[in-house]
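S.K.: One predicted model, sequence on top.
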Amino acid sequence: MAASPGKGSISPIRCGGCSEGVLSGEQQQRRVLFGRRRGRPLRPERRRLKAELLPRLAVTLPACGPLVPQALFAGAPRPIWLEIGFGGGEHLAFQAAQHPEIGFIGCEVFENGIARLIAQIARQGLDNIRIFSDDARLLIASLPPCSIDRVFILFPDPWPKRRHWKRRLITRENLDRLAAAMTDRAELRLATDDRGYLVWMLQHLSEHPDFEWLARRPCDWRERPPDWPMTRYEEKARAAGRTPVFLRAERRPRSG
Ligand SMILES: C[S@@+](CC[C@H](N)C(=O)[O-])C[C@H]1O[C@@H](n2cnc3c(N)ncnc32)[C@H](O)[C@@H]1O
């Protein structure tokens, strides 16, 4: 079984963000984020890089109306891929280096992970990543229709206790919003090492009319595709003897 995220340091945190024009009153009230914002103090070099680069990379939600992802990147319109909860950012940096023609939006609330990604961006000279450093649900709610071409949610916190299930990122509501934001045949990639969350993910995917799970054979979920590098969380899960599962689903084409 997967460990609870950030053991001993979880606390509800009121989120910032500014998509008041997009979320309903009820959703605004539910803007409580369960997770760690900070770990150890950042090393001076990471702190300096974050202070210097984050203002240029940061995604700020408009006060009203949807975000325009294309406007985050200079030049001709490009496909946009989104990673939610990128952790240390190694998967995101890998994808961005492999696909310079894609615009990437990474979303993460943990300061140390954000600083780690920024260090990779600086080291590799990546110019196609933008960072939303607040609750993913705010970002998802402010995406315009048909604006996102691929979504990664890799090893989201499993919240194994029943009373915490409402904190899970994979919910019908979030899938509805992602389905609206995703283009036809856009891919949704999920991973988990928690059996309970796996069952939950498969149930939510199979019940959702807009998503189709792409697996045909056991190796399709047992083996990580070659264009999907191992994340830090997966490494830890394997070291602890847990077996990860990799899910690829497609956003069904809209009819008409
Ligand atoms: C278990 S970790 C996995 C990290 C990374 N995907 C990996 O595989 O190494 C889950 C991550 O999701 C982030 N997270 C949890 N809830 C979030 C939310 N509502 N918005 C943005 N990030 C969130 C956490 O801070 C954490 O870094």
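M.R.: Structure received.
S.K.: Can you pull the residues of the protein lying near the ligand?
M.R.: Along the chain, the residues adjacent to the ligand under the rule CB under 6 Å from any ligand atom are 5, 33, 35, 85-87, 107-110, 113, 135-137, 154-157, 231-234. Just so you know, the C-beta spots here come from the backbone N, C-alpha and C atoms, and that holds for glycine as well.
S.K.: Go through those and flag which are in helices.
M.R.: 113, 136-137, 232-234 (DSSP state H).
S.K.: so where's this structure shaky on pLDDT?
M.R.: 1-34, 256 (pLDDT under 70).
S.K.: What segments of it are helices?
M.R.: Under DSSP H, the chain gives helices at 25-29, 44-57, 90-98, 111-124, 136-141, 172-181, 195-207, 219-222, 232-239.
S.K.: about what we covered before: any of the residues of the chain next to the ligand buried? List them.
M.R.: Among the residues of the chain next to the ligand, those classed as buried by neighbour count (16 or more other CB atoms under 10 Å) are 5, 33, 35, 85-87, 107-110, 113, 135-137, 154-157, 231, 233-234.
S.K.: thinking again about what came up before, tell me which of the helices of the chain sits most buried.
M.R.: Among those, helix 136-141 has the highest mean neighbour count (mean count of other CB atoms under 10 Å), at a mean of 23.
S.K.: Contacts for stretch 222-234 next, please.
M.R.: 87-88, 90-91, 94-95, 98, 154-155, 189, 191, 193, 244-246, 248 (CB atoms under 8 Å, 6 or more residues apart in numbering).
S.K.: tally of neighbours for G106?
M.R.: 29 (other CB atoms under 10 Å).
S.K.: Now the phi/psi pair for the residue nearest to E111 when sequence neighbours are not counted, please.
M.R.: In space, and not counting its chain neighbours, E111 is closest to R38: 5.0 Å by CB to CB, 6 or more residues apart in numbering. The phi/psi pair for R38 (degrees, to the nearest 10) reads phi -140, psi 150.
S.K.: Can you tell me how far R38 is from the ligand?
M.R.: 10 Å (CB to the nearest ligand atom, to the nearest Å).
S.K.: wait, I148 sits on T183?
M.R.: Yes. Look at I148 against T183 with CB atoms under 8 Å: they come within range, at 6.9 Å.
S.K.: check contacts around the closest residue to L42 other than its chain neighbours.
M.R.: Spatial nearest neighbour of L42, chain neighbours left out: A115 (5.2 Å); criterion: CB to CB, 6+ apart. When contacts are counted by CB under 8 Å, 6+ apart, A115 is found next to 42, 46-47, 49-50.
S.K.: So what's the residue count around the closest residue in space to R116 that isn't next to it in sequence?
M.R.: Computed as CB to CB, 6+ apart, the closest residue to R116 that is not its neighbour in sequence is G88, at 4.5 Å. When neighbours are counted by other CB under 10 Å, G88 registers 20.
S.K.: which residues does G88 contact?
M.R.: By CB under 8 Å, 6+ apart, the residues touching G88 are 113, 116-117, 231-232.
S.K.: separation between it and L205?
M.R.: Counting by CB to CB, to the nearest Å, the gap from G88 to L205 is 26 Å.
S.K.: got it, and W165?
M.R.: W165 is 16 Å from L205, where distance means CB to CB.
S.K.: can you check R130 too?
M.R.: 27 Å.
S.K.: Could you point out the longest strand of the chain?
M.R.: Using DSSP state E to assign secondary structure, the strand with the most residues in the chain is strand 182-192.
S.K.: and the angle for that strand with helix 172-181?
M.R.: Angle between the axes of strand 182-192 and helix 172-181 is 140 degrees (criterion: axes from the mean of the first three to the mean of the last three CA atoms, to 10 degrees).
S.K.: buried ones in strand 182-192?
M.R.: 182-183, 186, 188-192.
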